[in-house]
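Engineer: any chance you could fold what I've pasted below:
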Amino acid sequence: MPAWISQLGHALPGAPLAQGDVARWLEARLPNGADPKRLRLFAKRSGVETRHAVIDLLGGEGDELYPVGRPHADTQVRSRAFARLAPPLAVAAVQAACPAGPGRITHLVVATCTGVVAPGLDLQLIQALGLPRSTRRTMVTFMGCYAAMPALRVAWDAVRADASARVLVVCCELSSLHLQTGPDDDALIAACLFADGASAAIVEGGEAPVGLGLRIERDACAVVPDTADAMAWIAAADGFRLRLSPTVSRALGSELPALSDELLGGIPRPQCRFAVHPGGPRILDDVVKALDLPADALADSREALRIAGNRSSGTILAVIDAMCRRPWSGPLAAFAFGPGLTAEGILLTRNP
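Structural biologist: Model (predicted):
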């Protein structure tokens, strides 16, 4: 039984925040030893013009979590905020994907790396969406920006195992709850790139195209050797901290040609569309070079980064959602990256 991504939706919290305003807000909170010039440089080069936050970042809520001149909120406070604020955003993404309601759902797969609470977001969504208590649930946690790929794979496996399965996939990330203001470059880069957002998808079986008509064809995965220290997402007393090496994009680029060939299975690259997780502008540039793509091949990925920043696991689904708002048919190769270093790909075919 073929498996299809039949519905997609994305949600952003609050009004858009200008990157320049966020940078000035961050600058007021830099600790001793942090370089304001580095912050301004990273903000300028981030490829982000606007972003969204689930809290009133530039107002009272931002001051409460990140006071000027005093220690910022601890992980317990941030986790409680996630438990309170993630469900409404995740529900909004489901509503965007399914305006008439999600309908019959047999399985729920939830991905996040910005909140670790139990009972978790999966159980909160069961209640908020009125799903059956018998719904099979899977949590994909702490896998970072590529987590939508294993989440979709779990959904795909469920449909292949049971043709009657109808799986709701939700990726919800609240990066604004884990801002770090330096002094190291890793923290400043992350603060300039990461933002909040949620995505949802329905995966179901059918002999004929269903909904959007995105058939899941195959997937591929590669872990880059000797790169375990290049990217790390670590729980600390004051939230989650990102460790990021400047070699990340180059290391991923070295693996992409072989991974792309495996994923495409003989389909010439010029015949394929590409959706790539916009981890940052340098990663997108290196993907274009590594795969010898036209300069505008990743325009949708760059636009997703420009208008709302890197929303971690939810971003690649947002890119695909935006692409599906235009008429086209044929193969689509989607890639996302994260700790490991890990590169994951999924090949979709859109049928009119």
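
Engineer: need the contact list for P71.
Structural biologist: P71 makes contacts with D238, as judged by Cβ atoms under 8 Å, 6 or more residues apart in numbering. Yep, even glycine has a C-beta here, placed from its N, CA and C like the rest.

Engineer: buried residues in stretch 73-88?
Structural biologist: Residues of stretch 73-88 classed as buried under the neighbour-count rule (16 or more other Cβ atoms under 10 Å) are 73, 75, 78-79, 81-83, 85-87.

Engineer: what's next to it, contact-wise?
Structural biologist: Taking contacts as Cβ under 8 Å, 6+ apart, the residues outside stretch 73-88 that touch it are 13, 54-55, 64-66, 112, 114-117, 121, 124-125, 128, 172, 174, 177-178, 198, 235-240.

Engineer: quick one: contacts for the nearest residue to A201 once chain neighbours are set aside?
Structural biologist: Spatial nearest neighbour of A201, excluding adjacent residues (Cβ to Cβ, 6 or more residues apart in numbering): V169 at 4.5 Å. With contacts defined as Cβ under 8 Å, 6+ apart, V169 is in contact with 109-111, 148, 151-152, 155, 200-203, 317.

Engineer: note down every partner strand of the helix or strand harbouring V169 and its orientation.
Structural biologist: V169 belongs to strand 166-174 when assigned by DSSP states H and E. Within its sheet, strand 166-174 is paired with strand 107-112 (parallel), strand 196-205 (antiparallel), according to DSSP bridges.

Engineer: could I get the ones you listed as JSON lines with distance to M231, mean neighbour count and mean pLDDT?
Structural biologist: Output for these, formatted as JSON lines (distance: least, Cβ to Cβ, whole Å; neighbours: other Cβ atoms under 10 Å; pLDDT from 0 to 100):
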{"stretch": "strand 107-112", "distance to M231": "17", "mean neighbour count": "26", "mean pLDDT": "98"}
{"stretch": "strand 196-205", "distance to M231": "20", "mean neighbour count": "28", "mean pLDDT": "98"}
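
Engineer: columns distance to R282 on top of these, output as a markdown table?
Structural biologist: Compiled in a markdown table, the strands paired with strand 166-174 are given as follows (distance: least, Cβ to Cβ, whole Å):
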| stretch | distance to R282 |
| --- | --- |
| strand 107-112 | 24 |
| strand 196-205 | 21 |
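
Engineer: out of these, nearest to A92?
Structural biologist: Put simply, out of these the one that sits nearest A92 is strand 196-205, at 6.8 Å, with distance taken as Cβ to Cβ.

Engineer: now the closest one - C-alpha only, CSV.
Structural biologist: Output for strand 196-205, consisting of C-alpha atoms alone and laid out as CSV, is shown next (Å, rounded to 0.1, in the frame of the first residue of the first chain):
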residue,chain,number,x,y,z
ASP,A,196,9.7,29.2,17.4
GLY,A,197,7.3,27.3,15.2
ALA,A,198,5.3,24.1,14.8
SER,A,199,4.4,21.9,11.8
ALA,A,200,1.9,19.1,11.3
ALA,A,201,1.4,16.4,8.7
ILE,A,202,-1.0,13.5,8.0
VAL,A,203,0.4,10.3,6.6
GLU,A,204,-2.0,7.7,5.3
GLY,A,205,-2.3,4.9,2.9
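
Engineer: distance from the chain centre to it, please.
Structural biologist: Strand 196-205 has its average C-alpha position 11 Å from the chain's average C-alpha position, going by Cα atoms, centre = their mean, to the nearest Å.

Engineer: buried ones in the helix or strand following that strand, by neighbour count?
Structural biologist: Counting by DSSP H and E, the element after strand 196-205 in chain order, helix or strand, is strand 214-223. Residues of strand 214-223 classed as buried by neighbour count (16+ other Cβ under 10 Å): 214-217, 219-222.
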